[in-house]
Every structure is written in structure tokens, then in C-alpha cells.
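# From the sequence below, what's the structure:
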Amino acid sequence: MWRILGLTMVLFCLMAAAIARAGEGLPPAPQRIVSINLCSDILAADLAAPGTLKSVFRLGRDPHDSAVAHLLQHVPPNDGRIEDILPFAPDLVLAHRYTSPFTLDLLRRIGVPVVTVKDARTFADIRDNIETVAAALGREAEGRALIARFDAEMAATRREGPRPPTAILYQDLGGAVTPDSILGRIVAHTGFRNVIDNENPFGLVYPGIEDVIALRPELVAIGIYRPGQPSQASALLQHPALRLYRTRYAREVDLPARDWNCSTRYVTAIAARLAATYDEMLVRRVTQ
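Okay, here's the model as predicted:
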């Protein structure tokens, strides 16, 4: 009962503040930003003015999930629920396109501006998300600088040659990325030929261990979610047959999930690791 009354009071105060702001004119940039999704957390950590980011989704502070966890340890966490959001009296909420429609609709109905980011399946999508959040925060110049940095880092990782090494990027639960996914595009960008050639809307297919070995990839890139923490999801990656193949017949590289979660500008770390692996494999091919 008290929780309901408290939430009602917060709603009332927030609506009153929204009416007052409407009468006075909105400030040039939001000063009380709440992010309720990991993907928007990462963008906000890069772009928000100091002191304006009041709360982030709990995964944004987890170093296994987030490339910016070290920047957000001092920011209070939330679970994305309306009762977690309203006490911060936000003048902007950042979310994902697939965040709970109920939560987003309620925020909009009480006058809280909401900006959502989308799934990034291309490098252009990554730039679009940066531009979207930068514009919402009134930080357009910072957004342009971030895009320029992303483009420069990706340009430095571009590799190509007459006979590209074959590769598979294999993740927990046996998912392998397709060429049209963001990770599949990075595989191609860094000079490799993905042995997976079929597509679907999710960017993942699920070949069995026998199928992976039969494809004979020269590189097995392993998408690691929580290194050193065994789970049923990651058990397939430790299958004896796959481990034997990786040890004897293929080059292996681990790709931490924090760098590719949400497909933000931090995928450049994945590209850099794959480009370095390409260079090592090319040297080995030449000297053999």
C-alpha cells in the first residue's frame, strides 16, 4: 500500500515538473538522464555530459556485459521498471526499441521524453545510434567525434588478400554468426571468409559440432560470455572433439562478450583482435 502511495506521489511530482518545464521552455539539454537498457547505457556513458547520467541499467555496470562498466560504477543501477525510474525525476529516458512497451508508453504519457536505440546489424547502424543519442543529449559535436574515432579504428583493422583464411565465430549454445550480422561483417572486414554462408533474421545459426569440424575453418573465434565461469550455455564450446580440432588444426581466438554486446562502437576491439590474428596467420602461411 505504502509503495503504491509513494509511486503515486512521485508520478504527481514528475507531472507537475513536466508542466512547469513546458511553461518555461525546455532546457537546451537534459540534465537528469536515466538509461534503462545495456545498449543505451554504453552510448550514454560515452556521450552524456558529466553529472547528467543519474541511473543506468544494472548490466551497464557489469564488466562481463559492458565495455564501459568502469565508467559507470558510481552511477546508481536500475532494473528498467517504472518504480526504479521515477525517483530520479528524469527529463530524458534512454532505452532500446525492444524495451517493455508498457514502460515506454507510461513514461511518454506522463510527459517524460523517451529516446530509443535500435539493434545494430551494420556499421551504419552503429553510427545512427551514436547520432540519435548525441542529438537527444544536445552533444552533437561529441557524437561526430565518436563516429570519426569509430571510423578511424575500423579503417585500421581492414584486411584483404587473394586467399582469405576461413573462419567461424562460435558462441555459447552453439550459435555461429552469419555473414549479414554485425559480427559476420567484422569477420569479412578483417580479411576472413565465414564458413557459414546462410542467413536468417537473427544473425545466428546453430550447426552441430560435427558440422563445424566438417567445415574445416582455419580460425575458430570463440565468443566468450563469462570467462572462467562454466555454465550449461558454454559447455558445448568445451566439447572434446571441438577442443581437439581447435588445438591441432585451427587457430583460436577468444572474443569477450563485453566488446560485442549491443554492437556499439566497442566492436572495434573485436575487429582489432581479428585483424591481429589475420596478420599472424598470414605470416605463418608465408613462412611455411
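# Now do the residue nearest to residue 98 when sequence neighbours are not counted against residue 181, distance only.
Spatial nearest neighbour of residue 98, chain neighbours left out: residue 119 (7.9 Å); criterion: C-beta to C-beta, 6 or more residues apart in numbering. Backbone N, C-alpha and C define where each C-beta goes, glycine included. Distance of residue 119 to residue 181, computed by C-beta to C-beta, to the nearest Å: 10 Å.
# And those two? Which one has more around it.
residue 181 (25 against 14; other C-beta atoms under 10 Å).
# rewinding a little: does the residue nearest to residue 98 belong to a helix, a strand or coil?
Recorded secondary structure, residue 119: coil (DSSP: H, G, I helix; E, B strand; the rest coil).
# Just confirm it contacts residue 97, I think it does.
Yes. With contact defined as C-beta atoms under 8 Å, residue 119 counts as touching residue 97 (7.2 Å).
# rewinding a little: give me the distance between the residue nearest to residue 98 and residue 65.
From residue 119 over to residue 65 (counting by C-beta to C-beta), the distance is 16 Å.
# what's the answer for residue 190, then?
From residue 190 to residue 65 the distance is 24 Å (C-beta to C-beta).
# more neighbours, these two?
Taking neighbours as other C-beta under 10 Å, residue 190 and residue 65 compare with residue 190 leading, 26 against 21.
# quick one: contacts for that one?
Neighbouring residues of residue 190 by C-beta atoms under 8 Å, 6 or more residues apart in numbering: 157, 158, 159, 271, 274, 275, 277, 278.
# Closest to residue 77 out of those residues?
residue 271 (29.6 Å; C-beta to C-beta).
# next one: phi and psi at the spatially closest residue to the closest one that is not a sequence neighbour?
Leaving aside its sequence neighbours, residue 271 sits nearest to residue 157 (C-beta to C-beta, 6+ apart; 3.9 Å). Per-residue torsions, residue 157: phi -100, psi 0 (degrees, to the nearest 10).
# neighbours of residue 157, just the number please.
21.
# check contacts around it.
By C-beta under 8 Å, 6+ apart, residue 157 lies in contact with 189, 190, 268, 271, 272, 274, 275.
# Mind doing that once more with 6 Å?
190, 271, 272, 275 (C-beta atoms under 6 Å, 6 or more residues apart in numbering).
# Give me the pLDDT for residue 10.
For residue 10, the model assigns a pLDDT of 49.
# again with residue 286
Residue 286 is given a pLDDT of 67.
# quick one, domains of this protein?
For the chain, the structural domains run 2-154, 161-287, going by automatic domain parsing.
# For the stretch 101-250 of the chain, which segments are assigned as helices?
101-109, 123-136, 140-156, 182-189, 209-214, 232-235, 240-248 (DSSP state H, counting those that start in this stretch).
# Would you mind writing the CA trace of the last one as CSV?
So the one you mean is helix 240-248. These are the backbone C-alpha positions of helix 240-248, laid out as CSV (Å, rounded to 0.1, in the frame of the first residue of the first chain):
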residue,chain,number,x,y,z
PRO,A,240,36.3,-32.7,-26.6
ALA,A,241,36.0,-33.1,-30.4
LEU,A,242,35.9,-29.3,-30.8
ARG,A,243,38.7,-28.7,-28.4
LEU,A,244,40.8,-31.3,-30.3
TYR,A,245,40.1,-29.7,-33.6
ARG,A,246,41.0,-26.2,-32.2
THR,A,247,44.2,-27.5,-30.7
ARG,A,248,45.5,-29.4,-33.7
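# in the helix or strand that it is followed by, what's buried?
For helix 240-248, the following helix or strand on the C-terminal side (DSSP states H and E) is strand 251-256. By neighbour count on 16 or more other C-beta atoms under 10 Å, the buried set for strand 251-256 is 251, 253, 255, 256.
# what is the orientation angle of strand 251-256 with helix 240-248?
110 degrees (axes from the mean of the first three to the mean of the last three C-alpha atoms, to 10 degrees).
# quick one: average pLDDT of strand 251-256?
pLDDT averaged over strand 251-256 gives 92.
# Alright, that wraps it up for me.
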